[in-house]
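# Sharing a sequence plus its predicted fold:
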Amino acid sequence: MKRILLVLALSLAALPVRAEGLEPTLSDWGTAGLLQTPTARGLPDGTVTAGLTVLGGLHRHLFAGAQLLPGLEVTLRDSVYPSWHGLSEPGVDAKLRLLREGPWWPALAIGGRDVTGSGLDLPGKGRFAGEYLVASRRWWDADLSLGIGWGGLGDYGHFRNPLRALGGRFKRDRNPADPSARGPEAWFTGERAALFGGVEWHTPLEGLSVKLEYSADSFRAQQQDDPSFLPGLPLNAGLAYRPWRWLELGAGVEQGSRAMLRLAARFDPRAEAETTPRTPPPAVGARPASADSALPAA
């Protein structure tokens, strides 16, 4: 798997971009991304989304988001665990684009899941809290992404936290059950970080794409809550399909065995304005002749 991620890293910087007009799709969390992992992509400015993701036997994500500003995406989410007595985990996710994709460099974005730690002082432990830096690059109909994650996005800990050199909180372990591991004071902290990445292929069938990814989330918090919980493999595969401009459907197999279904509505005001037919002005008839024009010339 590390070799595959290395190939992705080399691909991000090796060739010029050759694809245009491929609009990104949504992740399980309601943000632009693959399945469990984010990408550096964003939806068209002003786009509003809302939907539901169900991951069999584990949790459900209810989400509503918007591309508020150019390069800034914010999503409100409530994650529910039906099998754990309906436990609810609200949160706020955010992503900021740092660099637009160019002819010889990838797009770059920074962001986080559950950036407030407990959903704006609502009940919760911040189980999903994690931060990331991710790059994305397109070739023809393929969109590759590679990122480094902290917290829940870096549970597998492939290497030491590169921010350890700053000392202090960046060197200590990040326990999701610890209140100090929530909110801005915990951003990009922890002893270790991990790589994640994947690819989205936009198929010749309009509106249909295939997603493959490696996720570095080991669901550490869920294992602490339920010792019998088995996270499965960090490999996910799925489909995204947009039969209409306003609707997106998703399905996949995650962690090697869990089925995922996603239903989301999307509203892009700019696209709606472009597709709305304009009523032509009424036809103007011939101007009636005046009384003076009816008299014979002198």
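Looks like it came in fine.
# Was I right to think residue 40 contacts residue 143?
No: the criterion here is CB atoms under 8 Å, and residue 40 misses it with residue 143 at 9.7 Å. (Each C-beta comes from the backbone N, C-alpha and C, glycine too.)
# show me where the stretch 151-298 of the chain has helices.
220-225, 269-275 (DSSP state H, counting those that start in this stretch).
# ok, back up a step: shared neighbours, residue 40 and residue 143?
Common contacts of residue 40 and residue 143, defined by CB atoms under 8 Å, 6 or more residues apart in numbering, comprise residue 136.
# Looking at the two now, which is surrounded by more residues?
Higher neighbour count among residue 40 and residue 143: residue 40, with 29 against 26, using other CB atoms under 10 Å.
# does that one sit in a helix, a strand or a coil?
Secondary structure assignment for residue 40 (DSSP: H, G, I helix; E, B strand; the rest coil): coil.
# Can you report phi and psi for it?
phi -90, psi 10 (degrees, to the nearest 10).
# pLDDT below threshold where in the stretch 151-298 of the chain?
For the stretch 151-298 of the chain, applying pLDDT under 70 flags the ranges 176-182, 221, 224-225, 272-298.
# rerun that using 80 as the cut-off
167-169, 171-185, 219-231, 270-298 (pLDDT under 80).
# can you give me the helices for the stretch 1-150 of the chain?
Under DSSP H, counting those that start in this stretch, the stretch 1-150 of the chain gives helices at 2-14.
# what about the strands in it?
Assigned by DSSP state E, counting those that start in this stretch, the stretch 1-150 of the chain shows strands spanning 48-55, 59-69, 72-81, 87-99, 107-113, 130-139, 142-151.
# Against which helices or strands is the fourth one packed?
Using 3 or more CB pairs under 8 Å, 6 or more residues apart in numbering; DSSP states H and E as the contact criterion, the neighbours of strand 87-99 among helices and strands are strand 72-81, strand 107-113.
# Mean neighbour count, those: which tops it?
Ranked by mean neighbour count, the helices and strands packed on strand 87-99 are led by strand 107-113 with a mean of 23 (mean count of other CB atoms under 10 Å).
# packing partners for that one?
strand 87-99, strand 130-139.
# Deepest-packed of those strands, please.
strand 130-139 (a mean of 23).
# Can you give the distance of that one from its chain's centre?
Relative to the centre of its chain, strand 130-139 is centred 10 Å away, using CA atoms, centre = their mean, to the nearest Å.
# That one - which strands sit beside it in the sheet, and in what orientation?
strand 107-113 (antiparallel), strand 142-151 (antiparallel) (DSSP bridges).
# want to try JSON lines for those, with distance to residue 253 as columns?
As requested, the strands paired with strand 130-139 are exported to JSON lines (distance: least, CB to CB, whole Å):
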{"stretch": "strand 107-113", "distance to residue 253": "22"}
{"stretch": "strand 142-151", "distance to residue 253": "19"}
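# looking at the strands of the stretch 1-150 of the chain, which is closest to residue 255?
Residue 255 lies closest, by CB to CB, to one member of those: strand 48-55, at 8.4 Å.
# Fine by me, we can end here.
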